[in-house]
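**Q** Could you look at this predicted model? Sequence included:
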Amino acid sequence: MRPRLTGDRRRGDCRVRTGLGRADPQVLSIALRQLRDLTRYRTETVRDRVRDVNRLSMFLEDAGIKLSSVVSDITGKSPRLMLDALVAGERDPRALADLALGSLQGKVPPTCADVGSSAPSLSLSHWLFVRITTPHSR
């Protein structure tokens, strides 16, 4: 239940509700505080996810896998299938390119040419990082 406002406080409250005045920054409603907390949390979560995706892209490029030059989103369905196959031990570029779905299927020959005839070299550190990071990017 709201306390009854009288005099200047009532006029000030009306001005705040209509947008003509400012609320006291020290006295925020509980709902507004909760909304701000949730917004901050969501911003931090999105920022962490973007940081993980960028780090994954850098690790893949360091391993010689230029997935980001073929797909626009390395966390999409086809790239996730390819990364899961890499983690499972698949090293054949053709087999990895055959995992392409949808519009990425038209890019299969460039994908194989981009990887080349050599199998991607995934060191232990790259393998562990891809294995750890991939579930978080879903």
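**A** Done, it's in.
**Q** Go through the helix or strand that contains residue 37 and flag the buried ones.
**A** Secondary-structure assignment from DSSP states H and E places residue 37 in helix 30-62. Within helix 30-62, the residues that count as buried by 16 or more other Cβ atoms under 10 Å are 52, 53, 56, 57, 59, 60. The way it works is simple: take the backbone N, C-alpha and C, and place the C-beta from them, glycine included.
**Q** Check stretch 128-135 too.
**A** Neighbour counts using 16+ other Cβ under 10 Å place 129, 130, 133, 134 of stretch 128-135 among the buried residues.
**Q** On the three-state scheme, residue 100 is what?
**A** Counting by DSSP: H, G, I helix; E, B strand; the rest coil, the backbone at residue 100 sits in coil.
**Q** Return the distance of the residue nearest to it when sequence neighbours are not counted relative to residue 53.
**A** Among residues not flanking residue 100 along the chain, residue 78 sits closest, at 5.0 Å (Cβ to Cβ, 6 or more residues apart in numbering). Noted for residue 78: a distance of 15 Å to residue 53, by Cβ to Cβ, to the nearest Å.
**Q** ok, now which ones touch residue 62?
**A** By Cβ atoms under 8 Å, 6 or more residues apart in numbering, residue 62 lies in contact with residue 126.
**Q** my guess is the residue nearest to residue 100 meets residue 102, correct?
**A** Yes - using Cβ atoms under 8 Å, residue 78 is in contact with residue 102, at 7.1 Å.
**Q** didn't residue 67 look like it was pressed against residue 60?
**A** Yes - under the criterion of Cβ under 8 Å, residue 67 makes contact with residue 60 at 5.5 Å.
**Q** Quickly list what's touching both of these two.
**A** With contacts taken as Cβ under 8 Å, 6+ apart, residue 67 and residue 60 have residue 74 as neighbours in common.
**Q** circling back: burial of the residue nearest to residue 100, as a residue count?
**A** When neighbours are defined as other Cβ atoms under 10 Å, residue 78 has 22 of them.
**Q** How confident was the prediction at it?
**A** If you check residue 78, the pLDDT there is 86.
**Q** Report the residue spans of the chain with pLDDT below the cut-off.
**A** Residues of the chain meeting the criterion pLDDT under 70: 1-28, 108-122, 135-138.
**Q** This completes my enquiry, with thanks.
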